[in-house]
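Novice: Quick one, fold the following:
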Amino acid sequence: MTAPAIPQTRSIGEFPRWVWALALLGAAAVMYIIFRGQFTLPHDDDAALFQWLNDLREWVDDNRNAAALVLGTIRFTVTFVVGAFMVALETLTWVGVIAFAAVLGYLVGGWRYGAMMAAGFLSFGVLGLWEASIETLALTLGAVTLALAIGIPVGIVAGRNERFMRSITPVLDFMQIMPTFAYLAPLSLLFLIGTGTAGIATVIYAIAPAIRITALGIRGVSTTTVEAATSMGSTRRQLLTKVQLPMARRTIVLAINQTMMMALAMVVITALVDAPGLGQNIIRALQTTDVGSAFNAGLAIVIMAIMLDRLTTRASLRVDPSQAALDTDPPGRTRRVLMVGVPIVIAAIALGTVALGGNDFPDTVRFSFRDPVNAVTGFIETNLFVITNAIKNVITELSINPLQTVLTTAPWWLILGVLVGIAALAGGVRAAVTTALCLLAIAGLQLWQHSMETLASVVVATVLTLAVGLLIGVGSARSDRFATILRPFLDAAQTMPSFVYLLPAVALFGPTRFTGIVAALIYAVPPVIRLVDAGIRSVPSTVLEAATSNGSTARQLLWKVQLPMARPALLLAANQGIILVLAMVVVAGLVGAGALGYDVVAGFARRDFFGEGLAAGVAIVLLGVMLDRITQGAGTRQAVRRRVKISDPTSLGAARIAAGAG
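Specialist: Numbering: from 1, shown residues only. Predicted coordinates:
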């Protein structure tokens, strides 16, 4: 019996996109040879726009008193909320905090979670970082409280109003892509430095996921459920309070989880505006290249992040209505835990206040990784310098320098045309228009040359990130044991403050552009690995069985079935890799990365560079939006093409197309 023919989507005269891509690059190469070094936009530190922004800063300085009431009220509110958490934690004493954390963990997830919480808080004291850890926790909880108080209501409105959601999406994109460093200069200008400014910066950075995920939860409620409630006479208020919010509870708790993670990442960086906590330890370690001390503080932040993540994730499962049938807790468990736990916490507070030093963790119990980590770092510096220096030189000379030379010596309109063409081929007209607008705005900001230098580093770092992430992600997807071993390392890498990555990178490669690329690689690889793993594992088992039954080997199964069918996840991995690499651009400016990263750092540190630094932060956002839209558009177009092309509804038909089996 003859197999049914598979309809083709391409007309006879239509060329594949790769043909258009080759034609575009070929024409660009010819134009580059002809016009090299002409129509460039060299950088000028004294550009009129930068001077205007500097004058604006001076004007704000001179007229701050006119807005003192509004700015002072905002600053006081944030400082008060953070201070309230700080007073509460200090009142509990170190013994009471550990007891309270243990009871809370047991209440949410059982004895394992209780033990995890107690051990986590105990480790802060053992590392000699109790006071700094409590300050970081207070700042995080205060910022999260304010972010959720604003973000959840806004997210509810966005979830129920499509027009409102579309109107705030560019603002949310801007808030999430803007480098964390770039927030600090304008905020310190308006609110001066201190805990209040740190809290405001953290709220701004952390509020975006609260809004997005809450809106997603409201929109995720089944339309049939909403229609049924409406048909029974429910008002909009009743629909929200009795249908949408209860059914979106798990998603909203996940919004709390992500807001906490974002806030914890930001509070470390706010040490640059005199925020208290573990960030101060990391900044001091960075200034003295003390990798061991930074490792201690970074480890404390990782432990805090893991505790908050596991606790809120478990809470999200407990409030999920779909998990009710799986709940094995006996009736009245919560009441019994509280009846026993509250007296234990009270007794622990009394014991800590009277006999165990209040908030002063005992000095007799101490352990530090500082000396062994510094010893390992020193050994690597001494014995592996020849290898690390060779790696740095080879990659710099073969990839970074040539790409940067092309981008900075080509006519600006040629770069514009090539990138717009790539965007059109990958993501369609909308992506092409967005790319054109972003590049024109960068030119208008007088930062074309520095943006192209940054783009070269971002491209190299992204390629390395995707190569490493794809390799490890495939291994993780094909081996459950490897994935289990890898998970704690990925958790630690994703929660470790970005500053910490700079120290081993500097120790190994010195302060250069390549150091920033290495730090970005370490920072961006973990989510890429997770997305590649998830994408490959999401391929239906029926498709894999069909391909295997047609004689596909393990290698063919990977290259012709799993990777092609996981393409949306791979494109999302590329998208997230680019965004995270851009997030490290500014931090890498501290160690010689140059270009836009240095501009932002200099703008924060020097008054006469404020304008250039602010403009550089906006330029990084524009690069991020451009690259984000191109990769997102590519993912959308691939999904549409696959739905059109694979018209055989059976898994066997899909497997034959993907695997190329005869």
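Novice: Show me how the record splits this structure into domains.
Specialist: 47-51+384-408+446-659, 68-374 (automatic domain parsing).
Novice: Buried deepest among those domains, which one?
Specialist: With neighbours taken as mean count of other CB atoms under 10 Å, the domains of the chain reach their highest mean count in domain 47-51+384-408+446-659, at a mean of 20. Every C-beta, even on glycine, is put in place using the N, C-alpha and C of the backbone.
Novice: next one: it to chain centre, how far?
Specialist: 12 Å (CA atoms, centre = their mean, to the nearest Å).
Novice: going forward, begin numbering at 43 instead of 1
Specialist: Noted, 43 is the first residue going forward, which turns the last one into domain 89-93+426-450+488-701.
Novice: Quick one: mean pLDDT for that domain?
Specialist: The pLDDT scores in domain 89-93+426-450+488-701 average 78.
Novice: again, but for stretch 177-195
Specialist: Computed over stretch 177-195, the mean pLDDT rounds to 92.
Novice: what comes into contact with that stretch?
Specialist: 119-120, 123-128, 131, 237, 240-241, 244-245, 248-253, 256, 294, 297-298, 301-302, 305-306, 308-310, 312, 317-321, 343, 346, 350 (CB atoms under 8 Å, 6 or more residues apart in numbering).
Novice: Now intersect these with the helices, please.
Specialist: 119-120, 123-128, 131, 237, 240-241, 244-245, 248-253, 256, 294, 297-298, 301-302, 305-306, 308-310, 320-321, 343, 346, 350 (DSSP state H).
Novice: that older thread, may I see the domains of the chain organised as CSV, with distance to residue 59 added?
Specialist: Shown next, in CSV, are the domains of the chain (distance: least, CB to CB, whole Å):
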stretch, distance to residue 59
domain 89-93+426-450+488-701, 9
domain 110-416, 26
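Novice: which stretch among these comes nearest residue 72?
Specialist: domain 89-93+426-450+488-701 (13.6 Å; CB to CB).
Novice: Name the residue closest to the centre of the protein, please.
Specialist: The centroid of the chain falls nearest to residue 622 when counting by CA atoms, centre = their mean (5.9 Å).
Novice: Not counting sequence-adjacent ones, nearest residue to it?
Specialist: residue 566 (3.8 Å; CB to CB, 6 or more residues apart in numbering).
Novice: these two touch, right, the one you found and residue 624?
Specialist: No. Here residue 566 lies out of contact with residue 624, judged by CB atoms under 8 Å, at a distance of 9.3 Å.
Novice: thinking again about what came up before, and the residue nearest to residue 622, what element?
Specialist: In the assignment (DSSP states H and E), residue 566 maps to helix 555-579.
Novice: for the next helix or strand after that helix, packing partners?
Specialist: As assigned by DSSP H and E, the chain's next helix or strand after helix 555-579 is helix 583-591. Contact here means 3 or more CB pairs under 8 Å, 6 or more residues apart in numbering; DSSP states H and E; on that basis helix 583-591 packs against helix 596-599, helix 693-701.
Novice: helices and strands around the first one, which ones?
Specialist: In terms of contact count using 3+ CB pairs under 8 Å, 6+ apart, helix 596-599 is assigned the packing partners helix 583-591.
Novice: who does the strand or helix carrying residue 419 touch, helix- and strand-wise?
Specialist: Residue 419 belongs to helix 412-425 when assigned by DSSP H and E. Where contact means 3+ CB pairs under 8 Å, 6+ apart, helix 412-425 is packed against helix 333-360, helix 540-551.
Novice: OK, contacts around the closest residue to residue 289 other than its chain neighbours?
Specialist: Setting aside the residues directly before and after it, residue 289 is nearest to residue 263 in space (CB to CB, 6+ apart), at 4.8 Å. Residues near residue 263 by CB under 8 Å, 6+ apart: 285-286, 289-290.
Novice: what about residue 263, which SS state?
Specialist: coil (DSSP: H, G, I helix; E, B strand; the rest coil).
Novice: Roughly how far does it sit from residue 62?
Specialist: Distance, residue 263 to residue 62, using CB to CB, to the nearest Å: 42 Å.
Novice: that older thread, where's the residue nearest to residue 622 relative to residue 497, distance?
Specialist: 16 Å.
Novice: Relative to residue 263, how far out is residue 288?
Specialist: 9 Å.
Novice: ok so, going back, chain center to the helix holding residue 419, what's the gap?
Specialist: 30 Å.
Novice: And the helix or strand just after that helix, what does it pack against?
Specialist: Once the chain leaves helix 412-425, the next helix or strand it forms, by DSSP H and E, is helix 427-437. If you count contacts as 3+ CB pairs under 8 Å, 6+ apart, helix 427-437 packs onto helix 540-551, helix 555-579.
Novice: between the helix or strand just after helix 427-437 and helix 555-579, how many degrees?
Specialist: Remark: after helix 427-437, the chain's next helix or strand is helix 443-451, criterion DSSP H and E. With axes from the mean of the first three to the mean of the last three CA atoms, to 10 degrees applied, the angle from helix 443-451 to helix 555-579 works out at 100 degrees.
Novice: Residues in contact with helix 443-451: which ones?
Specialist: So helix 443-451 is in contact with 74, 78-79, 82, 457, 491, 494-495, 497-499, 501-502, going by CB under 8 Å, 6+ apart.
Novice: Just put these in CSV and tack on secondary structure and distance to residue 589.
Specialist: Shown next, in CSV, are these (DSSP: H, G, I helix; E, B strand; the rest coil; distance: CB to CB, whole Å):
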residue, secondary structure, distance to residue 589
74, helix, 43
78, coil, 49
79, coil, 52
82, coil, 51
457, helix, 42
491, helix, 50
494, helix, 44
495, helix, 45
497, helix, 39
498, helix, 40
499, helix, 40
501, helix, 34
502, helix, 35
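Novice: Farthest pair within the residues you listed?
Specialist: 79 and 502 (22.7 Å).
Novice: close enough to count as contact, residue 228 and residue 656?
Specialist: Yes. Checked against CB under 8 Å, the pair residue 228 and residue 656 is within contact range at 6.5 Å.
Novice: Let me see the contact set for residue 164.
Specialist: So residue 164 contacts residue 140 (CB under 8 Å, 6+ apart).
Novice: Now it. Its backbone dihedrals?
Specialist: Here is the backbone geometry of residue 164 (degrees, to the nearest 10): phi -60, psi -30.
Novice: Leaving out chain neighbours, which residue sits closest to residue 167?
Specialist: residue 403 is the one closest to residue 167 (CB to CB, 6+ apart), at 3.5 Å.
Novice: Compile the contacts of residue 263 into a markdown table and extend it with columns for distance to residue 548 and pLDDT.
Specialist: Output for those, formatted as a markdown table (distance: CB to CB, whole Å; pLDDT from 0 to 100):
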| residue | distance to residue 548 | pLDDT |
| --- | --- | --- |
| 285 | 54 | 82 |
| 286 | 50 | 81 |
| 289 | 49 | 82 |
| 290 | 45 | 81 |
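Novice: Looking at these, which is nearest residue 546?
Specialist: residue 290 (41.7 Å).
Novice: I'd say the closest one and residue 259 touch.
Specialist: Yes. Assessed by CB under 8 Å, residue 290 is found in contact with residue 259 at 3.3 Å.
Novice: what touches both of those two?
Specialist: Contact criterion CB under 8 Å, 6+ apart; residues shared by residue 290 and residue 259: residue 201.
Novice: OK, contacts around the residue nearest to residue 622?
Specialist: Residue 566 sits in contact with 503-504, 507, 511, 618-619, 622-623, 626, where contact means CB under 8 Å, 6+ apart.
Novice: what's the answer for residue 386, then?
Specialist: 141, 145 are the contacts of residue 386 under CB under 8 Å, 6+ apart.
Novice: For residue 168, see how far away it is.
Specialist: Residue 386 is 22 Å from residue 168, where distance means CB to CB.
Novice: Show the average pLDDT along stretch 130-142.
Specialist: Across stretch 130-142, pLDDT averages out at 89.
Novice: How far does that stretch sit from its chain's centre?
Specialist: 31 Å.
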